[in-house]
Structures are given as structure tokens and as C-alpha cells.
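Undergrad: starting from these lines, generate the structure:
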Amino acid sequence: MNGTSRIRWALNCATWNPSKEEWLFACSCIQKEEKERILRFVHAKNAKHSMGGRLLARKALMQLLKLPNNAINLARNDKGKPVLVDIHDGSHDQKVQFNVSHDGQYVVLAAEWDRKVGVDIMQITRPVGTTSVKHFFHQMKRQFSEREWEQILQCQNEQQQLSTFFRLWLCE
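TA: So this is what the prediction gives:
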């Protein structure tokens, strides 16, 4: 393939503050189903993250496939993951693989030509609704092996423990 065959992008949603006109333009760049899904979000932050992810995915696919935006057709697979669909027969197009993740203020995308790809991002903070790091770890006790918990708990402070926890969590 000529040109770029690998893309890695990040969008800082904290610095992306679209005007009403820009938001309406962004809505016009995505499929009707995508727009309806995004507009159902209760919190504006979640809608903005989702829109950012869809725009990143569409731009990456346009770049990799050298197609106009209106030729990009996205659907969701049985696990809810966005997939590229062939506009002619409705089958999942496997030429380009992409993955989007968001957490905190960032949305990230990875895309590859003819290769599986995955990306995950997680803000390293104690999750909302937990009273302490110890309480959070107690709730998550079954998620890791004894050896993994030893690795997490041997860290010198709670921030390092959370960092190790989330690093292992993202590898699962």
C-alpha cells in the first residue's frame, strides 16, 4: 500500500470546545445512527468524547482507504465495537483495523492496514464512588491473581499502586 499504513492519534477533549456551528458540522460528518447515539448521552462530556472518537475514526479510515467521508460506513459488531462495513454487501471490511478508547480528557485512536490493532487509555485516579484506594482494591480483588496483587501492593505509595493496577488492568 502507498502512503500511511499506521495511524496513532490523540484528541484532548478538554481543549476541544466546538461552537454550536462546529458541533452541527461535526454531526453532519457522521452517519445518522452515530449522531442519534451520541445525542442520547445525558452528559455533554460523554457526547463530546464519543463525537471525537467517531471523527478520529472516520478521518483515519478516509486517509488509509483514500475514500471520501460519505463512502465510509460504520456499524457495531456484537460486542459493540465500531467496525467498517462494506457499502456494497454489508460485510465487515477487514482491510483496515481500528480501535478507539477514551477516558479522562483524552480520546485515542490506533489504526492499521491489514493488521489487528488495539488501544486502551485510562486515567490513573481512584474511581468515583470508592471511599479509598484500599476500598477500591477490595472491590476489585477477584480481578487479578495473587501474584499480580503482590506486584501492585509492593509499590511505595497509592499513586504508584494505582498506576500498576491500571497498567495490569489494561493488559487483561
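
Undergrad: going forward, measure contacts and count neighbours with C-alpha atoms only.
TA: Noted.

Undergrad: F98: what secondary structure?
TA: strand (DSSP: H, G, I helix; E, B strand; the rest coil).

Undergrad: who does it form a beta bridge with?
TA: Taking DSSP bridges as the rule, F98 bridges to A111.

Undergrad: check contacts around it.
TA: A57, V83, L109, A110, A111, E112, K116, V117, G118 (C-alpha atoms under 8 Å, 6 or more residues apart in numbering).

Undergrad: which two of those residues have the greatest separation?
TA: A57 and K116 (15.0 Å; C-alpha to C-alpha).

Undergrad: between these two, who's got more neighbours?
TA: Neighbours around A57 and K116, counted as other C-alpha atoms under 10 Å, are more numerous at A57. The numbers are 25 against 14.

Undergrad: elements contacting the one helix or strand that one maps to?
TA: If you go by DSSP states H and E, A57 is part of helix 44-65. Packed against helix 44-65 by the contact rule (3 or more C-alpha pairs under 8 Å, 6 or more residues apart in numbering; DSSP states H and E) you find strand 6-12, helix 32-39, strand 96-103, strand 106-113.

Undergrad: can you give the contact residues for that helix?
TA: The contact list for helix 44-65, computed with C-alpha under 8 Å, 6+ apart, reads 3-5, 7, 9, 11, 13, 26, 29-30, 38-39, 41, 67-69, 72, 96, 98-102, 106-109, 111, 113.

Undergrad: chain center to it, what's the gap?
TA: 9 Å (C-alpha atoms, centre = their mean, to the nearest Å).

Undergrad: what's the following helix or strand after that helix?
TA: Reading on from helix 44-65 to the C-terminus, the next helix or strand found by DSSP H and E is strand 74-76.

Undergrad: and the contacts of F98, which are buried?
TA: A57, V83, L109, A110, A111, E112, V117 (16 or more other C-alpha atoms under 10 Å).

Undergrad: format those residues as JSON lines; extra columns: pLDDT and distance to C171.
TA: Shown next, in JSON lines, are the buried ones among the contacts of F98 (pLDDT from 0 to 100; distance: C-alpha to C-alpha, whole Å):
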{"residue": "A57", "pLDDT": "96", "distance to C171": "23"}
{"residue": "V83", "pLDDT": "86", "distance to C171": "22"}
{"residue": "L109", "pLDDT": "96", "distance to C171": "17"}
{"residue": "A110", "pLDDT": "94", "distance to C171": "16"}
{"residue": "A111", "pLDDT": "94", "distance to C171": "19"}
{"residue": "E112", "pLDDT": "92", "distance to C171": "20"}
{"residue": "V117", "pLDDT": "86", "distance to C171": "14"}
